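Asks: below is the structure, and that's it, no one-letter string:
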């Protein structure tokens, strides 16, 4: 396993009758191969030459806006763009087992969705609000978590605790551990 997503190799694998089950956790082989083809079209580069590592692809395909070169395919249809982005970054995560999201909370949401279920991504919105820009999730420890919780009440407190519970569950995931996003 390499920390580089080789798009041509992945396309070939996804086109075979028996792609790795690990990869198809992101979507069907057809949907993933299609997403790779769209990526090649967006990049205006042959699929065999596309390689990505680390968070570079999540930066090139930002969450907040549709890049101009992707608008030729998706127009201003943000839901279609985000579905494509999710598939391609899920595939990169599953293929490389490394951090792929520049934003740590987005990375944790991706891990929670893939490892636990789609519902598990939601509490991280509260974690983002509580941590702000001062603290990365990987920097959390028990004392800081307790201190941050003191100012919370009601639903905010419950959602924050839920996010911490999801972080605890992700501790058992080899994939999540490999990304370096989890608190020690």
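Replies: That came in fine, so what should we check first? In this text, all values refer to a predicted model and were calculated from it rather than measured experimentally. Numbers count the residues shown, from 1 in each chain.

Asks: residue 94 should be in a strand, yeah?
Replies: No. The assignment for residue 94 is helix, going by DSSP: H, G, I helix; E, B strand; the rest coil, so no strand is present there.

Asks: and it, how many neighbours?
Replies: Neighbours of residue 94 under the rule other C-beta atoms under 10 Å: 20. In this view, the C-beta of every residue, glycine as well, is placed from N, C-alpha and C.

Asks: residue 131 versus that one, what's the distance?
Replies: 26 Å (C-beta to C-beta, to the nearest Å).

Asks: same check, this time on residue 100
Replies: Plainly put, residue 100 is 20 Å away from residue 131 if you go by C-beta to C-beta.

Asks: so between these two, which is more surrounded?
Replies: Higher neighbour count among residue 100 and residue 131: residue 100, with 26 against 20, using other C-beta under 10 Å.

Asks: ok, the more buried one touching residue 107?
Replies: Yes. Using C-beta atoms under 8 Å, residue 100 is in contact with residue 107, at 7.0 Å.

Asks: list residues touching both of those two?
Replies: Common contacts of residue 100 and residue 107 (C-beta atoms under 8 Å, 6 or more residues apart in numbering): residue 179.

Asks: give me the low-pLDDT residue ranges for this structure?
Replies: Low-confidence segments of the chain, defined by pLDDT under 70: 1.

Asks: element containing the most centrally placed residue in it, please.
Replies: In the chain, the residue lying closest to the centroid (C-alpha atoms, centre = their mean) is residue 110, at 3.7 Å. Element membership of residue 110, judged by DSSP states H and E, is helix 104-115.

Asks: then residue 10?
Replies: helix 7-15.

Asks: just the buried residues of that helix, please?
Replies: Neighbour-count burial for helix 7-15, counted by 16 or more other C-beta atoms under 10 Å, picks out 7, 10-11, 13-14.

Asks: what separation is there between the nearest residue to residue 41 once chain neighbours are set aside and residue 90?
Replies: Nearest non-adjacent residue to residue 41, counting by C-beta to C-beta, 6 or more residues apart in numbering: residue 73, 6.4 Å away. From residue 73 across to residue 90, the span is 19 Å (C-beta to C-beta).

Asks: more neighbours: those two, which one.
Replies: Ranked by neighbour count (other C-beta under 10 Å), residue 73 and residue 90 place residue 90 first, with 20 against 15.
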